[in-house]
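> the amino acid sequence is not available; the structure is as follows:
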């Protein structure tokens, strides 16, 4: 996920022939302007995802075609604890956000405590969380209304899979601290 999600949220294109999510990133490569795109195409059993560098802005139809031809399959719906890859970032962030809110924990505050100076309130506004949740919905992420111990452990595994082990540890500490106060959402 981009650190500047509020400036560059994912875009969605739904047609009769494809359902595509993509984000474009302008880049300078060897003094030449390029566009990096990350795209995901809905497919049977999941999504096909692909990242490529282009000289010019690719059309949605071209990105969909390239995903269908060269994309890597990632199973959907995404469930807590499922293997992670480049395409599951928003799925994992959405699970994290929903779980934190279910135990009355501010997801942004925990991020800022875990990664001081790196993660900020400006990077994780309510609008950013809404964009993450919208993306996770597009991906078909299963967001539990009731969190079992197995689902919470799956979330922690998913965070580790997205290279957020320190966040998983901070969340675990919060769960343990709260376990004495309330059993709602806490591991037993």
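The structure has been received and is ready for your questions. Bear in mind the structure is a predicted one, so any value in this text is a computation, not a measurement. Numbering: from 1, shown residues only.

> CA atoms for contacts and neighbours, from now on please.
OK.

> what average pLDDT does stretch 125-132 get?
Across stretch 125-132, pLDDT averages out at 93.

> what about the strands in this protein?
Residue ranges of the strands in the chain, as given by DSSP state E, are 11-14, 19-29, 32-43, 46-54, 72-75.

> pLDDT of the first one, averaged?
Taken as a whole, strand 11-14 carries a mean pLDDT of 93.

> also the fourth one?
Per-residue pLDDT over strand 46-54 has a mean of 94.

> what sits against the residue located most distally from the centre of the chain?
Taking CA atoms, centre = their mean, the residue of the chain most remote from its mean C-alpha position is residue 31, at 31.1 Å. By CA atoms under 8 Å, 6 or more residues apart in numbering, residue 31 lies in contact with nothing.

> ramachandran angles for residue 81?
phi 90, psi -10 (degrees, to the nearest 10).

> I'd guessed it sits against residue 160; true?
No: applying CA atoms under 8 Å, one finds residue 81 not in contact with residue 160, separated by 9.6 Å.

> and the helix or strand bottoming out on mean pLDDT in the chain, what does it pack onto?
Among the secondary structure pieces of the chain, namely its helices and strands, strand 19-29 has the lowest mean (mean pLDDT, DSSP states H and E), a mean of 88. Packing partners of strand 19-29 (3 or more CA pairs under 8 Å, 6 or more residues apart in numbering; DSSP states H and E): strand 11-14, strand 32-43.

> closest to residue 134 out of the ones you listed?
strand 11-14 (10.4 Å; CA to CA).

> partners of that closest one in the sheet?
When pairs are called by DSSP bridges, strand 11-14 turns out to pair with strand 19-29 (antiparallel).

> gap between the residue positioned nearest the centre of the chain and residue 129?
Central residue of the chain (CA atoms, centre = their mean): residue 90, 1.1 Å from the mean position. Distance of residue 90 to residue 129, given as CA to CA, to the nearest Å: 10 Å.

> ranges for the helices of this protein?
60-70, 89-102, 107-114, 126-139, 149-161, 165-179 (DSSP state H).

> let me know which of these is tucked in deepest.
Of these, the one with the most neighbours on average (mean count of other CA atoms under 10 Å) is helix 89-102, at a mean of 22.

> thought residue 109 was touching residue 97, still the case?
No: in terms of CA under 8 Å, residue 97 does not count as a neighbour of residue 109; the distance is 11.1 Å.

> could you measure from the residue farthest from the centre of the chain over to residue 54?
On the measure of CA to CA, residue 31 and residue 54 end up 14 Å apart.

> thank you kindly, that will do.
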